[in-house]
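Q: Everything below, folded, please.
(one chain, ligands or ions: 1)
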Amino acid sequence: MPTLLGMTQQRTIDDLRAEIDQINRELLALISRRGEVVAQIGHAKSAEGRPNHYDPAREEQQLKELEKLNPGPFPTATVKTIFKEIFKASLALEESNDKKQLLVSRKVKSEDTVLDIDGVRIGGGEAPVIIAGPCSIESEEQMEQTAAFLQGKGVRILRGGAYKPRTSPYGFQGMGVDGLILGSRVAKEHGQLFVTEVMDTRDVDVVSEYADILQIGARNMHNFALLREVGRARRPVLLKRGLSATIEEWLYAAEYILSEGNNEVILCERGIRTYEKWTRNTLDLSAVALAKQETHLPVIVDVTHAAGRRDLLIPLAKAAIAVGADGIHVEVHPSPATALSDNEQQLDFAGYEKFLAGVGSLLQAPAVAATV
Ligand SMILES: O=C(O)C(=O)C[C@]1(C(=O)O)C=C[C@@H](O)C=C1
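A: Presented below is the predicted three-dimensional model:
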């Protein structure tokens, strides 16, 4: 401020800070207003069905304009850094608003989804279900023996693979349609539901004809065409988490199915790939608790694939139920040593009896409510 003597009077730091405080308020108001406009852009993009909110060309255009307009004192690089942060936060806002709208989200549907498949209820605090059976369907004798044994133990859902996703193309690939026919017939004869994996969009119709529940395996969790196809099938879907999938990716995979109109999805945590070698995979129990918290869908745990070894099945099943799992998936075979797949990890009948005794009363008790 010029004085009578023509000298500029120094403003005090307090005075300058008061001005900064005012500028901060204005900046905050502007940033918040910008956020509101961005949120509207986000909603418009979602309504148009755009797959992504990120638009690098639009960001670049804004940075170029800001470069031209920059009056200083901040160098253009600094201005760009600041605005890139704003773009990042804006993008996160658009995406998080999207997430709140997800059909799988508890924010959209607060009460648990309970599946009732021919009287077998899954989810919503019902006693945990057991899904058991061999890795692969191999023969009539094998399926008959297993189904009869499991029926005697009260198991209402029989699993068995007719199409096998094998690491090697030369490994046993499954019995195909013959396996479907066999699995479905044997399950029916023993008052059980039949769950089996579908690996190819071209097989969804035939698998739906024979299976009561369609399984999407871990290796196909990212197969979006298949997810959409089972979303159009009128059968419940057991969706395994991918080997290296984040929880978010897993839930988006479920969203693909729900978005096609199929709300009957069971999430299945089956362990993820980590650096650990003593187990086949690492059972991610936080994923179970989080999936229960974030979604309304039933969540079960495949202890067999998580552990890849028999000696951990009891503690893992107990832990799964303790964190709120709605069911346990376990592989059982009359003679694991001669099984055509997964012979290291399937339980024989005596092993299953021990497993049941070990997990004990937890299987009868209502599932632990997911507490937030
Ligand atoms: O203009 C858009 O498409 C927006 O989504 C807004 C916005 C922004 O903050 O300016 C945010 C993210 C996009 O990557 C590009 C731009």
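
Q: pretty sure H329 belongs to a strand, no?
A: Yes - according to DSSP: H, G, I helix; E, B strand; the rest coil, H329 belongs to a strand.

Q: distance of it from the ligand?
A: In this structure, H329 and the ligand are 40 Å apart, going by C-beta to the nearest ligand atom, to the nearest Å. No exception for glycine: its C-beta is placed from N, CA and C like everyone else's.

Q: Please, which helix or strand holds whichever residue of the stretch 151-300 of the chain sits closest to the ligand?
A: Residue nearest to the ligand within the stretch 151-300 of the chain (C-beta to the nearest ligand atom): E248, separated by 18.7 Å. Following DSSP states H and E, one finds E248 within helix 247-259.

Q: residues of that helix that come out buried?
A: If you call a residue buried by 16 or more other C-beta atoms under 10 Å, then helix 247-259 has these buried ones: I247, W250, L251, Y252, A253, A254, E255, Y256, I257, L258.

Q: could you say what helices and strands the helix or strand following it packs with?
A: Per DSSP H and E, the first helix or strand lying C-terminal to helix 247-259 is strand 265-269. Applying 3 or more C-beta pairs under 8 Å, 6 or more residues apart in numbering; DSSP states H and E, we find strand 265-269 packed against strand 237-240, helix 247-259, helix 285-294, strand 299-302.

Q: Throw those into JSON lines and include mean pLDDT, thanks.
A: Formatted as JSON lines, the helices and strands packed on strand 265-269 follow (pLDDT from 0 to 100):
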{"stretch": "strand 237-240", "mean pLDDT": "98"}
{"stretch": "helix 247-259", "mean pLDDT": "96"}
{"stretch": "helix 285-294", "mean pLDDT": "97"}
{"stretch": "strand 299-302", "mean pLDDT": "98"}
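
Q: angle of the helix holding E248 against strand 265-269?
A: 160 degrees (axes from the mean of the first three to the mean of the last three C-alpha atoms, to 10 degrees).

Q: contacting residues around helix 247-259?
A: 102-104, 216, 221-222, 224, 227-228, 230-231, 237, 239, 241-242, 245, 265, 267, 287, 290-291, 294-295, 297 (C-beta atoms under 8 Å, 6 or more residues apart in numbering).

Q: in the chain, what residue is nearest the ligand?
A: Counting by C-beta to the nearest ligand atom, the chain gets nearest the ligand through S90, at 3.2 Å.

Q: Would you mind confirming that that residue is in contact with V37?
A: No - with contact defined as C-beta atoms under 8 Å, S90 does not reach V37; the gap is 9.1 Å.

Q: Any of the contacts of helix 247-259 buried? List them.
A: Neighbour-count burial (16+ other C-beta under 10 Å) is assigned, among those, to 102-104, 216, 221-222, 227-228, 230-231, 237, 239, 241-242, 245, 265, 267, 287, 290-291, 294-295, 297.

Q: Among S90 and V37, which residue is more densely surrounded?
A: Legend: neighbour count by other C-beta atoms under 10 Å for S90 and V37, higher for S90 (20 against 10).

Q: Next up, the contacts around the residue lying closest to the more buried one once chain neighbours are set aside.
A: In space, and not counting its chain neighbours, S90 is closest to V38: 4.2 Å by C-beta to C-beta, 6 or more residues apart in numbering. Counting by C-beta under 8 Å, 6+ apart, V38 makes contact with S90, L93, E94.

Q: In CSV: those residues, plus pLDDT and secondary structure.
A: Converted to CSV, the contacts of V38 look like this (pLDDT from 0 to 100; DSSP: H, G, I helix; E, B strand; the rest coil):
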residue, pLDDT, secondary structure
S90, 98, helix
L93, 95, helix
E94, 94, helix
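
Q: Using TSV, please lay out those residues together with distance to R11.
A: Converted to TSV, the contacts of V38 look like this (distance: C-beta to C-beta, whole Å):
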residue	distance to R11
S90	35
L93	37
E94	41
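
Q: Out of these, the closest to P336 would be?
A: Each of these was checked against P336 using C-beta to C-beta; the closest is E94, at 50.0 Å.

Q: Right, I'll leave it there.
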